[in-house]
Structure formats: structure tokens, C-alpha cells
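# Show me the folded form of this:
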Amino acid sequence: MSASLLNFFFALFLLQTRTAVAQTTNSSIVSIPYEYTYLLPGGFTGNLNQTFANSTRTGNATIDNPLSSASKAPFISYDDAFLRILGSNPQPKLIHERDTLFAYEAGLWVPERNEVWFTSAIEQGMQIPTHVNVLNLGTNTVYALNGTSQPVTNPNGGYYFEGKVYFATFPSNGTYRGGVISVDAQTLEVETVVNNYFGLSFSSVDDITWARQGNDRYMFFTDFYYNYEAYADLPTPGLPAGVWRWDPQEQVLLQVISRNEIFPNGVRVSPDMRTLYVTESFGTAQAAAPYTPQAGPSAASWYGPYIYKYDLDAEMFPVNCRQFGLVREGIADGIHVDDAGNVWTGESEGIVVRNPKGKVIGVFNAQYFLEDKQADALPIANFALAGDTLAVQATTRLWTVKLGKTVVSSGSSIVN
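Just a heads-up that it's a prediction; the model follows:
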């Protein structure tokens, strides 16, 4: 087929596109036809070091102009389902800003306190100890968590479950060995849940989720070599990276997904407790230098740009792994699931929302929330879904977005 004939058919396709570039009543939302994500005219260009909206150009103004507009907008929609999440007038609000990386990991809603708890970045751990910060959603004030029965040391990822907040904690250069702790949301009593496997300490417990089956409860958590980016001279890890499951009924701790499958980062369960989602941080194990992975574009890096899903079988073991999402830029870090089963992940492009089939329906644009400082800032690693509010942890900035609907209710099985 000749180039001119191909372009004719593509022009016809544009005219027949149902959504075209959807018009909205709010200029902060730019809607892009989903077809552009898989069908563009010949000669298009793109760059894996930049976002889809920033780098994709075709020479056709009908396509290029909305993409250019989307690169500056806070909200990029690819599907009407995302517009329903946003509502007619979503309003980003900058709550707090600092010079330090104070808003980076965890990101969890504590409904009875009307608060979002989050943690600072481990990357600055040698200079500023990692700690828990709190956003009061009623007053929009931010303060450091204090008054706990014992210090919360090196917290990273976290999860709210049945009145307690669970934190993944890292070992440090001192005597602290890391593991998983719980903080009672009312009394602030701190307890250690797990901290070793037959005398071997974990490398860097990163994220946590809880799942139910009848009256039984199961905690899944990820462990990999992230801590070595922040602290020097740590002992060589004695345990392989992987996903672990703690069964408090039988008091059994098992690694249920091994590093032979993935190097895991974030982990969450679906509302029906039948699916486990895991984001990956490493593409392959590098025997020569396993604790100093190279960062970079997903196609050229050791970091694996994948989101995986597993079925949870009758014994609550993860089985039947398949790829759920391929990350466009960088990796997926923090992950949350809403009551409708949509999967939200923190990526270099921003907070990306996929429906239960894996279709990207929209993006909370990192370029907007990081205020064009992506070159000298970490990506949006995590966030929180708090009823009808999204808390965006943009490293040195904390934003909220009032959504058009409640995405996670206070009585949900997956308040997280």
C-alpha cells in the first residue's frame, strides 16, 4: 500500500474516531483518543526517556496539538471511566512543600483518624532518617507522627488493616534489623510482626498487603535490595528477593514468589481477595553486582517495567502469573486498588490508572504535580486513595485532588 493511500485511510480513521479529542468543561482535563496509544500515522516519533504526551509526534496537528496540551495538564484521560472518577471539576490543591523528600512512600488512609500516613524517601536516609508524616484531611495540615510507644525506625511502604497501620521497615547501619511492624491507629502502640527467617534478616522489606479468606488473614510483603541505594557497608543479604506470606493462624512465614520469577516492589490485593498484584523493580538478577542496580529507561535498565497479577488459590497461595501492565516510562512503584478493581500505580509518567482488564484509562500527570522538575526529582513513587480524595506524594510536594466519586470507601475490604 502506498504511503499516500495509507495516510488517506488514517485521515479517514481520525474522522470516524468516536471520541476524537473529547471536550470537557474543565480545561485541566485533556482527553486523548485511546486509539492513539496503538495506532499512529507512519513516520511517528517517540522517546522512552519522556512521557507519551511529551515525546510522541506525528506531523499531524490533529494528533500533535492535544498531545502537547496533555503534557502540561494535571489530568490526561483515555476513557470515559476516568472522567467519571475525576468528576466535572477536579481541583488539584498544593497542601505542603519542603526542600526535602518528605512525601515519597507508604501512602495509606487511616479512616478513623481522617488522616493519610506516608513516609519520607530512603534515598536521603544517610542525611535525614526516614520517618512517618501525617496529613490531616480535615485541616490540611502536615505533621510528623509522634507519641508511638516506641520509635518507628526506617519505615517505607505501609498498609492499613483492621485498625492497625503496618509498616515495612529497613535495616540500618546500626543494630536495627528491619522487618514488619504494626502501629495501633488509636493507641499508637507499636509491635513487631516479623523480623527474620530462621535468624536471617530481610534485605529491605518494601511493601505490604493483607488478604482475607473466611475468618483467616494473610499478610503478603515484598523484600528486595533497595536499602543498598541509601546505606553503605550493610551486610550482604542472606535471603533472596521475593514475595513473602505470613500466616498468623498457623504462624508460618514462607516465601511464596521467588526471585527466579520477579524482583518485587509494590504489592496489593483485589477487592474480592482473589488476585494479587505485584510491581517489579528489577528485570534480571545481576550476579556480578546484585546490590547496585542501574537506573534508567525501562528498555535499557535492569529495572523491570512490569506489573504482574497472580490468582490466589484455595490455600491463598499466588499462582498463574501473567503480565497485567507494561510501564511506558521507568518502573511502577507504589500500587493501590480501588473498590471497582481499578489498579493505580506510581510511575515516571505519574499516577497511572488501569481498569481490571489492564487498559490505561487515565493519568495524573507527573509533569504537572512535580512542576516540571522531573529532571532533578524522583518520580511519583506513591500516593493514597482516601474516600473521594487522592493524596499525591510528589517527593518535595504533597497535593490533594478532590475526585468526582468515592474510589475507596471507609468500609471497604481494601482500605489501603
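# List the buried residues for stretch 91-105?
Of all the residues in stretch 91-105, those buried under the rule 16 or more other CB atoms under 10 Å are 92, 95-96, 101-105. C-beta coordinates here come from the backbone N, C-alpha and C atoms, glycine included.
# got a list of contacts for stretch 176-185?
Under the contact criterion CB atoms under 8 Å, 6 or more residues apart in numbering, stretch 176-185 has outside partners 110, 112-113, 148, 152-155, 160, 163-172, 189-196, 201-202, 204-205, 208, 219, 221, 227, 246.
# Which of those residues fall in strands?
Those of the contacts of stretch 176-185 mapping onto strands are 110, 155, 160, 164-169, 190-194, 205, 208, 219, 221, 246, per DSSP state E.
# Going through those, which ones are buried?
Buried among the ones in strands among the contacts of stretch 176-185 (16+ other CB under 10 Å): 110, 155, 160, 164-169, 190, 193-194, 205, 208, 219, 221, 246.
# hang on, isn't residue 271 packed against residue 415?
No: if you go by CB atoms under 8 Å, residue 271 and residue 415 don't touch, sitting 10.6 Å apart.
# more neighbours, these two?
Comparing residue 271 with residue 415 by other CB atoms under 10 Å, the one with more neighbours is residue 415, at 20 against 16.
# Distance check, the closest residue to the more buried one other than its chain neighbours against residue 107.
Spatial nearest neighbour of residue 415, excluding adjacent residues (CB to CB, 6 or more residues apart in numbering): residue 160 at 5.3 Å. Computed as CB to CB, to the nearest Å, the residue 160 to residue 107 distance reads 10 Å.
# Tell me the pLDDT of the residue nearest to residue 152 when sequence neighbours are not counted.
Using CB to CB, 6+ apart and skipping residues adjacent in sequence, the residue nearest residue 152 is residue 132, 5.6 Å away. Confidence at residue 132, expressed as pLDDT, is 98.
# State whether residue 132 and residue 156 are indeed in contact, as I suppose.
No: checked against CB under 8 Å, the pair residue 132 and residue 156 is beyond contact range at 10.3 Å.
# Name the residues contacting each of the two.
Common neighbours of residue 132 and residue 156 (CB under 8 Å, 6+ apart) are 106, 119, 167.
# Save these as JSON lines, and put in distance to residue 309 and pLDDT too.
Output for the shared contacts of residue 132 and residue 156, formatted as JSON lines (distance: CB to CB, whole Å; pLDDT from 0 to 100):
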{"residue": "106", "distance to residue 309": "22", "pLDDT": "96"}
{"residue": "119", "distance to residue 309": "26", "pLDDT": "97"}
{"residue": "167", "distance to residue 309": "25", "pLDDT": "98"}
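# Low-confidence ranges, this protein, go.
Applying pLDDT under 70 to the chain flags residues 1-26, 125-126, 173, 228-233, 282-304, 372-377.
# Quick one: the helices in it, in order.
Along the chain, counting by DSSP state H, helices occupy 3-16, 52-55, 61-70, 80-86, 366-369.
# who touches the residue nearest to residue 152 in this structure?
Taking CB under 8 Å, 6+ apart as the test, what residue 132 contacts is 106, 117-119, 144-145, 152, 155, 167.
# Quick one, which of those are buried?
106, 117-119, 145, 152, 155, 167.
# which among these gets closest to residue 320?
residue 106 (29.0 Å; CB to CB).
# how about that closest one, what does it touch?
By CB under 8 Å, 6+ apart, the neighbours of residue 106 are 117-119, 132, 155-158, 167, 382.
# phi, psi of the residue most central in space within the chain?
Centroid-nearest residue in the chain, with CA atoms, centre = their mean: residue 334, separated by 2.2 Å. Here is the backbone geometry of residue 334 (degrees, to the nearest 10): phi -60, psi 150.
# Start at 48, not 1
That works, and once the first residue is 48, the last one we named lands at residue 381.
# number of nearby residues for the residue nearest to it when sequence neighbours are not counted?
Distances taken as CB to CB, 6+ apart place residue 429 nearest to residue 381, at 3.2 Å, with adjacent residues excluded. Residues lying near residue 429 (other CB under 10 Å) number 27.
# From residue 379, how far off is residue 429?
For residue 429, the distance to residue 379 - CB to CB - is 11 Å.
# quick one: common contacting residues for those two?
residue 393.
# tell me, how many neighbours does the residue nearest to residue 211 when sequence neighbours are not counted end up with?
Nearest residue to residue 211 in three dimensions, chain neighbours excluded: residue 229, at 4.5 Å (CB to CB, 6+ apart). Burial of residue 229 is recorded as 20 neighbouring residues (other CB under 10 Å).
# Okay then, goodbye and thanks.
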